[in-house]
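*Asks:* Whatever this is, show me its structure:
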Amino acid sequence: MHAVQVQKRSVRRLMAGGLAAALGATVLAPPASAASPAAAGTGATTEAARAAAAAERTGQRVEVLSARTELTQVFAKPSGGFVAETAAVPQRVRQTDGSWADVDLTLRHDGAGGFRPAVSPADVRFSAGGRGPATTLTSGGKSLTLAWPGELPAPVVSGDAATYPEVLPGVDLVLRATRTGFTHVLAVKTPQAAANPALREIRFDLGGDVRVRRDADGSLRALAGAAEVARSAPAEMWDSTTTSATGRSAAGKSSAAGPGAGARTAPVATAIDAAGDLVLRPTPGLLDPANASFPVYIDPAWSAGASRWAYATNNNSTNSDLTAARVGKDSGTGVIYRSYFEFPISALRGKHIESAYVQMRLDHSFSCGDTPTYMYRSAGIASTPRTAWAPTLSTLQASASSHANESGGCIDGPQPDMTVNFTGSGVTAGLSSALTSGMTAITYGFCACSDSSGTGESTLDRWKKFIPANAKLVVDYDSLPGQPTGLQVGGQACVTGDRVALATPPTLSAVFPDADAGQILQTAYELLEIPASGSYDSSTPRLTPPAGSAVTAGARSTTAPVTGVLGGRAYAWRARSTDPAPYGLLSPWSAWCEFTVDDTPPTVTVDPVTTPAPPGQFYTYKLRSPDPDVVMFRYGWTSPPTEEAEAGTTLGYPGKTVSVTLTTPAYGTNTLYVAAVDSAGNVGYGSLVVQVDPPAAG
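*Replies:* The predicted structure is shown next:
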């Protein structure tokens, strides 16, 4: 065997194949000083991202259309973050083509011999006259029908109402579309009409897919099996009195839509007869010309959707006028009102609530000047549209003073409606607390009381009527950035409990999530040298990490290579992000990722196992390295070698070995080149001169 000559040199480089696979299509981000937020946001495809970018570009808030619901709209703000405006009453309806249209209860011909509201959350249809159902209300594929026991005349249609004149002498039937269903009101126009015995017991034929059940309080429920198709509050009647109990001319006149402020009211008894039909028994006293002003209206209202607002009265009386949310002592009846609004908040879970307030629209006040209204957190609404005097007023959230007297009795009257905002830290803190506790909705109670025991609630000048359809919970929020994931060091995935070995100072990389798609985050890193003990904590000295950069939420960001790390040492790093001003919210830190810098190439030797054979015959060599982290050997008759063999172990040898068999390329002097590659990608080279003498002449 001829002498072996081994040559060694080191090459510091990563394993090219592994790095390319790890990086995939990742775009390496330059340091923060070289990146602009606009560039970082390029390629964001979500609708929320487009809205955020448009808001920043135009300086105007832009709606996130994909977040729109019947109750809620979300807007991206020019300064960053979002505003959610959530109503308690449906504001819009999704059309069959996927678009949204604002609620419009104006009745239109439906092309099938009836009338429907132009845009309504409730599927309701009114008759064009004749026999058959006067109205049909459909919910969940099931229907409730209500018919007048006789032939209906053609209606006079105006706005949301269809009036069927003279269904009895001097009595009109008025059907009105509401946002959740319909009302059917008998308008008794004269004292002579009120004397008709037919008004002492009024019958409506009920049909459809339901059975109607009367509850103990007089309310009605239309059920298809166990599913509720519609419900009706206890029926009520009211007259057209316009002078309040105080002798003042009351604002607002009675109509089929509801009682005026000075109207006298009375309950209407309800029953379901043996045939399953509805029987109404008005209070006789309010049909007596000596006690009532005409017209007198008799009404139960039906709803197919769960209402998110309710009123309560201190005497448990009913009010059929649902166009107003009353607060305080009614100057006409002496009844004290509170109103409750429930807002869904599930979509805000996990968000940072910067501020919140409730916006109301004041329609009328008793006073010509500002008087207070108080908003409390309250228990949930047990029933709607009327709830018992039971929902507890817990924590006072805010108060606001307002006025909008429309009676004409003020110097500057009639006064216009007023927007009233219930603001303050209590509202924000209360909403944040509700979200933290896992609540899906929050309920606010409005009253004229300065404390939950009712102080000041009987003060007449605090009497107000708000418009339910304009009630909104307005929340300025931002999503907390998520904990960074998908950590990579030098293009290799970090593994908990293991250290990645690298030949050169590596780049650091992670994915930075945030629920606010398209938002531009700022990344940051911590870097430390792991002590000899292997343990580290908040007191372990930090090294200077690579600079962070701007990154679009949900995207990967990669740093420049770290500096100041030394071979043979172990290090750990972690990452987090900050969302834009004005919030500057910090994400949680990522998990730690550990790595070592191993820049020493492994030693490699090669020994012939068999005697060198002539060209064309196989010859076995054994490649060895004393370094246990060698993962691969390379070999070949050219430099650098390209043939590869996985490193293995040999009993009794502490390092790595492999045996390879190959043919000598030619007689004479040949050089076998070998290399060992360790787990960090370091490559150590060696060679063996193989002499094969040619056959003897002759």
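
*Asks:* Low-confidence stretches in this structure?
*Replies:* Within the chain, the stretches with pLDDT under 70 are 1-45, 243-252, 261, 305-306, 698.

*Asks:* Could you rerun that using 50?
*Replies:* The model of the chain has pLDDT under 50 over residues 1-45, 245-250.

*Asks:* Tell me the helices and strands packed up against the lengthiest strand in it.
*Replies:* Taking DSSP state E as the criterion, the chain has its longest strand at strand 351-365. Judged by 3 or more CB pairs under 8 Å, 6 or more residues apart in numbering; DSSP states H and E, strand 351-365 is in contact with strand 393-402, strand 418-422, helix 425-436, strand 464-466, strand 472-479. Where you see a C-beta, it was placed from the backbone N, CA and C, and this is true even at glycine.

*Asks:* Neighbouring strands of that strand in the sheet, and parallel or not?
*Replies:* Sheet pairing for strand 351-365, assigned by DSSP bridges, gives strand 418-422 (antiparallel), strand 464-466 (antiparallel), strand 472-479 (antiparallel).

*Asks:* Same list (these) but as a markdown table, adding distance to residue 89.
*Replies:* Output for these, formatted as a markdown table (distance: least, CB to CB, whole Å):
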| stretch | distance to residue 89 |
| --- | --- |
| strand 418-422 | 16 |
| strand 464-466 | 12 |
| strand 472-479 | 10 |
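
*Asks:* With residue 199 as the reference, name the closest of those.
*Replies:* In terms of CB to CB, the element of the strands paired with strand 351-365 nearest to residue 199 is strand 464-466, at 29.6 Å.

*Asks:* can you give me how far the closest one is from the chain middle?
*Replies:* 31 Å (CA atoms, centre = their mean, to the nearest Å).

*Asks:* Can you give me the buried ones in it?
*Replies:* Across strand 464-466, burial judged by 16 or more other CB atoms under 10 Å covers 464-466.

*Asks:* who touches it?
*Replies:* Strand 464-466 is contacted from outside by 252, 261, 324-328, 339, 360-366, 371, 373, 402, 404, 420, 446, 448, using CB atoms under 8 Å, 6 or more residues apart in numbering.

*Asks:* Contacts only, for the closest residue in space to residue 127 that isn't next to it in sequence.
*Replies:* The spatial neighbour of residue 127 that comes closest, neighbours along the chain excluded (CB to CB, 6 or more residues apart in numbering), is residue 134 at 4.9 Å. By CB under 8 Å, 6+ apart, residue 134 lies in contact with 126-127, 146-148, 152, 164, 173, 175, 184.

*Asks:* Dump these into JSON lines; add secondary structure, neighbour count and distance to residue 267 as well.
*Replies:* Formatted as JSON lines, the contacts of residue 134 follow (DSSP: H, G, I helix; E, B strand; the rest coil; neighbours: other CB atoms under 10 Å; distance: CB to CB, whole Å):
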{"residue": "126", "secondary structure": "strand", "neighbour count": "26", "distance to residue 267": "26"}
{"residue": "127", "secondary structure": "strand", "neighbour count": "23", "distance to residue 267": "28"}
{"residue": "146", "secondary structure": "strand", "neighbour count": "25", "distance to residue 267": "20"}
{"residue": "147", "secondary structure": "strand", "neighbour count": "19", "distance to residue 267": "24"}
{"residue": "148", "secondary structure": "coil", "neighbour count": "23", "distance to residue 267": "22"}
{"residue": "152", "secondary structure": "strand", "neighbour count": "22", "distance to residue 267": "27"}
{"residue": "164", "secondary structure": "strand", "neighbour count": "21", "distance to residue 267": "25"}
{"residue": "173", "secondary structure": "strand", "neighbour count": "22", "distance to residue 267": "20"}
{"residue": "175", "secondary structure": "strand", "neighbour count": "27", "distance to residue 267": "22"}
{"residue": "184", "secondary structure": "strand", "neighbour count": "24", "distance to residue 267": "17"}
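
*Asks:* For those residues, give me CSV that also has distance to residue 230.
*Replies:* Output for the contacts of residue 134, formatted as CSV (distance: CB to CB, whole Å):
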residue, distance to residue 230
126, 15
127, 17
146, 10
147, 15
148, 18
152, 21
164, 21
173, 19
175, 14
184, 12
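
*Asks:* Count the neighbours of residue 277 for me.
*Replies:* Residues within reach of residue 277, counting by other CB atoms under 10 Å, total 17.

*Asks:* ok, it touching residue 202?
*Replies:* No - in this structure, residue 277 is not within contact of residue 202 by CB atoms under 8 Å, at 10.7 Å.

*Asks:* Assign a three-state SS to residue 54, would you?
*Replies:* For residue 54, the assignment made with DSSP: H, G, I helix; E, B strand; the rest coil gives helix.

*Asks:* and the gap between residue 275 and residue 207?
*Replies:* Distance from residue 275 to residue 207, counting by CB to CB, to the nearest Å: 10 Å.
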